[in-house]
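> build me a model:
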Amino acid sequence: AESPGTAIPIKPVDRKENIVRLAIVTDAKEGLHPELWYFDQSKALPEIVLKLCEKWGIANPENYALRSEDNSLYITEKNRLDLKDGAVLKLTLSPAAQVSRFIFSINSSINTPDRVAALRALRTEVKDITYANQFIKQDGLEILLKICADCFASPNQMDSPILRWALAAYSELLAHGIVQYETIPEDFIRNIITLFSSTLRIDPDPQSPISSALRIAGLYVANNRKGFAMVVSATHCFQALLNYAECSAALFKERALAIINGLIATAPTEMDRIELFGSLESNNIDNALSSVVFLDTPATPPFAHELYLYQCYSLNRLSQRRAYFFNAQDKDCVQYLRTLRQAIPEIDEESHMVAVKPKGTPASEILDAWRKLGFTDVEAPEKDFMAPPGVLALEVMAQFANQDHAGFSNAILGQLNRPEEYGFPFVRMSLAVTDLLLQLLHVGEEPSANSINYLPMFYAARGKAFVQIFCAAMVVATKTWQSMDAVQEDFDKVILVLRKQFSAVLSLPQDQQPSNVEAFRTLLLNQYTYADIERMDLERLRIREEKLKGAEPVLRLREGLRAEISALVREQRVSCMCDGDFFVSPAKSKRREKFYVILAPNKKTLHWSDMVPMEDNTRPSIMHLAKQCVVEDIKVFVTGADVPSLAKRNKETDVIKMSFAILPDAQEEYVEFQASNSRQLSIWLDGLRTLKNKEGEEDETRADIERLLKLDLSLRLLDLHDADLAPAAPVAPPLPTNFNFTYTSLSDDSNV
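As a prediction, the model looks like this:
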């Protein structure tokens, strides 16, 4: 026998791909120990359960199933492949046996605590869709409906634990999407609506059945067209929903908002939807929802999705205004134009102070006012609003003039105080910014089924989000125009920068989103300026280039370009030698003398002059240079301390660093050169190497090659437009066995 604490060796087993090593426990009988099991994915689940029951001596194996200890889900054919090594499973009663036990317990029990315990356990069990399907199959829904009906019939049972857990279990079943909503009794839904509508407390009890009632109503409204009329016609329903939306409990906010979103989505007609929004606004829905900005904890994903949906539905109402064009008979349109004209700032010539134009503007000055605003046709300004974004742009422009007169004045003065070509095009910019915001806020698009990206500033604006965002955007547009020192021809470039600025803030992670529009504007003005956007673009381009440069096709291209550019740089070095230059003799460097050296145009002969004064910069003609040597006759050239006249110097001086010498074949002495700088030294040394077909490069030459290589490669990669390159070239197919091809003639079907 093994002593306590002794490790029991496990015999190694040949591992197969379809084998999962896990542990299995059971509570079917007392005294049974966990089993280490090689779970064979190729075998049927009933066969595995049968083997376990036989091993443990458990009768009726058909009543048992395996369940995960991690998430309490039953193991089925759909999820068995998710099992990993080290998992722990439990052999327990099957869903069918569990449901039968519950039904027997709930029908035979007359003790309230026992019924409450059974319903509470049921609420947990039905979260597993396998159990839920079996529960519905055994008519469990009818049992829950009967329990709820009995509670609804007794006023003293409306807050009972029995109703709470019964509704909680029912809501979990609906959430699976496996219940036919048309089969749910309408009386049950009416009782549900009455339950949460009759409670007008600001902070309902989280332990009451109301939470589950709200969830059931939200699911019913979203999935059954009858729910719209049932909720809208219910007494006090809207007021109750607003109370729940305003309360401090996030769960009640979420479920009340789910009902509201369901009503908006399932409204029978557009007029019903408009009336619904009118009712919500008259009940101050925007004030009720504004509290989401001040939640103590981040919104859960389901709550964030409901906030996202309501934001989308609300903003999509702007689609109608975008498609509505200017109408001279519409008093609002005329008033918007009048507001813009009256808000134009005037500069007093004596005091140089800005003042608002008087309301009684003479008719003779109206055309000048339209010109200052930048209308396309000053005689018919309404023409700018005869295409999308239509009157919506005119409306937000007028709101900008009213709500942010300082920003409006700066935008107008930005046009008046600068030359015409640099002036800020207020009207054109307003139209473009309106259209840009509609795109970035996805106005007119269907909401995503899973998105949780809502904007806290939308709720902080209390129903005026788009107007306030537009005002902030126009202030940013004015600054960006000035920062870019833009002219009228740069308008599209400015809009592209604005798109990047707005997108950068709107796409921030949820926990970094600005809490209100003022914070939105501050972010744009301080952290996402034109300079910041330029810097981010350069960084993005750098990262993209680094990523591309690691791809195999680019590496091959780089090597090919390196040879071309290296040859080009060497050729440039030789060309510089043909231009000639002055050098000093290292042995006579203290004398203020120099000599002129030049390579013949045919690149075969090197010519140099006698010493001339340092001040003499005359470049003599090659015909007047008496000293020369043929390049082919240069036996050797040396650099640095190897120059004969510098051999005895111990210190590494600039003279040594800048010196080199050549030894022509017909001479016994070296011709020594001292360059004036490292650039000159690099050119002549590498030029000599090129002429003598020798390997090697100076540091500056290598730097020039790398610089040109990087520039050439970057220019070539610009054409990719963010396309991803394959890590390796595709494999070429093998050659055909022969090249005897045929084709079918188009004129007749004969083979050629």
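> I figured Leu524 was touching Ala472, is that so?
Yes: contact criterion CB atoms under 8 Å: Leu524 and Ala472 qualify, at 7.1 Å. (Glycine included, C-beta is placed from N, CA and C.)
> give me the longest helix you can find in the protein.
The longest helix of the chain (DSSP state H) is helix 552-579.
> next SSE downstream of it?
Going down the chain from helix 552-579, the next helix or strand is strand 581-583, by DSSP states H and E.
> partners of that next one, with directions?
Partner strands for strand 581-583, per DSSP bridges, with pairing direction: strand 593-599 (antiparallel).
> tell me which helix or strand comes right after the partner strand.
The C-terminal neighbour of strand 593-599 among helices and strands, as given by DSSP H and E, is strand 605-608.
> list the contacts of the following helix or strand past that following strand.
With elements assigned by DSSP H and E, the helix or strand that comes after strand 605-608 is strand 612-613. Strand 612-613 is contacted by residues Arg592, Glu593, Lys594, Phe595, Tyr596, Thr618 when judged by CB atoms under 8 Å, 6 or more residues apart in numbering.
> give me the sheet partners of strand 612-613 and which way each runs.
Short version: by DSSP bridges, strand 612-613 pairs with strand 593-599 (antiparallel).
> any regions of the stretch 551-700 of the chain where pLDDT drops low?
Residue ranges of the stretch 551-700 of the chain with pLDDT under 70: 589, 650-652.
> can we see that at 90?
Where the stretch 551-700 of the chain drops to pLDDT under 90, the residues are 551-560, 585-593, 610-618, 623-624, 626-627, 633-658, 663-672, 676, 692-699.
> show me the contacts for Ser42.
Per CB under 8 Å, 6+ apart, neighbours of Ser42: Asn18.
> so Ala234, which state does it fall into?
Here Ala234 is coil, with the state taken from DSSP: H, G, I helix; E, B strand; the rest coil.
> let me fix that: Ala23
Per three-state DSSP, Ala23 ends up strand.
> surely it meets Leu36?
Yes: between Ala23 and Leu36 there is a contact under CB under 8 Å: 5.9 Å.
> among the two, which residue is more densely surrounded?
More neighbours surround Ala23 than the other of Ala23 and Leu36, with 14 against 9 (other CB atoms under 10 Å).
> what's the distance between the more buried one and Thr92?
Computed as CB to CB, to the nearest Å, the Ala23 to Thr92 distance reads 14 Å.
> go on, Asn71?
14 Å.
> and Lys657, what does it touch?
Counted by CB under 8 Å, 6+ apart, Lys657 has contacts Gly640, Ser678, Leu681.
> can you count the residues close to the first one?
Just to be clear, that refers to Gly640. That count, for Gly640 with other CB under 10 Å as the rule, works out to 14.
> ok, it touching Asp654?
No: assessed by CB under 8 Å, Gly640 is found out of contact with Asp654, at 11.2 Å.
> could you pull out the buried residues of stretch 208-218?
Going by neighbour count (16 or more other CB atoms under 10 Å), the buried part of stretch 208-218 is Ser208, Pro209, Ile210, Ser211, Ser212, Ala213, Leu214, Arg215, Ile216, Ala217, Gly218.
> ok, back up a step: filter the contacts of strand 612-613 down to the buried ones, PyMOL style.
To isolate the buried members of these in PyMOL, using 16+ other CB under 10 Å:
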select buried, resi 594+595+596
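> which elements pack onto the host helix or strand of Ala245?
Under the criterion of DSSP H and E, Ala245 resides in helix 237-246. When contacts are defined as 3 or more CB pairs under 8 Å, 6 or more residues apart in numbering; DSSP states H and E, helix 237-246 sits against helix 186-197, helix 250-265, helix 285-289.
> and the angle from the first one to helix 250-265?
To tie it back to what came earlier, the one meant is helix 186-197. If you take axes from the mean of the first three to the mean of the last three CA atoms, to 10 degrees, helix 186-197 sits at 130 degrees to helix 250-265.
> any chance you could map the strands in this structure?
Here the chain has its strands, by DSSP state E, at 19-26, 35-40, 64-68, 88-93, 345-347, 354-356, 581-583, 593-599, 605-608, 612-613, 627-630, 634-639, 659-664, 671-674.
> who does the longest one pair up with?
Same thing as strand 19-26. When DSSP bridges is applied, strand 19-26 pairs with strand 35-40 (antiparallel), strand 88-93 (parallel).
> returning to what we had before: and the strands of the chain: which comes nearest Ser171?
With CB to CB, the closest approach to Ser171 among the strands of the chain belongs to strand 64-68: 22.8 Å.
> for that closest one, what does the pLDDT average out to?
On average, the pLDDT along strand 64-68 is 94.
> for stretch 704-722, same thing?
83.
> what does that stretch rub up against?
By CB under 8 Å, 6+ apart, the surrounding residues in contact with stretch 704-722 are 544-545, 548-549, 554, 557-558, 561-562, 565-566, 568-569, 697.
> follow-up on the earlier one: ok, Asn71 and Thr92, which is more surrounded?
Each of Asn71 and Thr92 has its neighbours counted (other CB under 10 Å); Thr92 has more, 19 against 10.
> ok, back up a step: out of the strands of the chain, which comes closest to Glu186?
Closest among the strands of the chain, once you apply CB to CB, is strand 88-93, at 35.8 Å.
> angle of the closest one against strand 64-68?
Using the same axes, to 10 degrees: strand 88-93 against strand 64-68 is 150 degrees.
> if we look at stretch 65-79, which residues are touching it?
By CB under 8 Å, 6+ apart, stretch 65-79 touches 24-25, 45, 48-49, 83, 87-95, 124, 127-128, 130-131.
> are any of those residues buried, and which?
24, 48-49, 83, 87, 89-95, 127-128, 130-131.
> which residues touch the residue nearest to the spatial centre of the chain?
Residue closest to the average C-alpha location in the chain (CA atoms, centre = their mean): Ser507, at 5.8 Å. With contact set as CB under 8 Å, 6+ apart, Ser507 has no partners.
> would you check how far apart it and Ile495 are?
Remark: distance between Ser507 and Ile495 (CB to CB) = 18 Å.
> Ser160 - how many residues pack around it?
Ser160 has 16 neighbours, counted by other CB under 10 Å.
> ok, for it, nearest residue in space, not its chain neighbours?
Nearest non-adjacent residue to Ser160, counting by CB to CB, 6 or more residues apart in numbering: Cys151, 6.0 Å away.
> that neighbour and Arg164 touch, don't they?
No: using CB under 8 Å, Cys151 makes no contact with Arg164, being 9.4 Å away.
> count of residues packed around Ala563?
By other CB under 10 Å, 9 other residues sit near Ala563.
> any idea how far it is from Gly696?
For Ala563, the distance to Gly696 (CB to CB) stands at 16 Å.
> wait, Pro298 sits on Gln510?
Yes: using CB under 8 Å, Pro298 is in contact with Gln510, at 7.0 Å.
> what sits in contact with each of the two?
Joint contacts of Pro298 and Gln510 (CB under 8 Å, 6+ apart) are Ala304.
> so what's Met536 closest to, chain neighbours aside?
In space, and not counting its chain neighbours, Met536 is closest to Ala504: 7.4 Å by CB to CB, 6+ apart.
> number of residues surrounding the one you found?
16.
> who touches it in this structure?
By CB under 8 Å, 6+ apart, Ala504 lies in contact with Tyr528, Ile533, Met536.
> nearest to Val517 among those?
Using CB to CB, the contacts of Ala504 come closest to Val517 at Tyr528, 14.8 Å.
> give me the number of residues near the closest one?
For Tyr528, using other CB under 10 Å, the count is 20.
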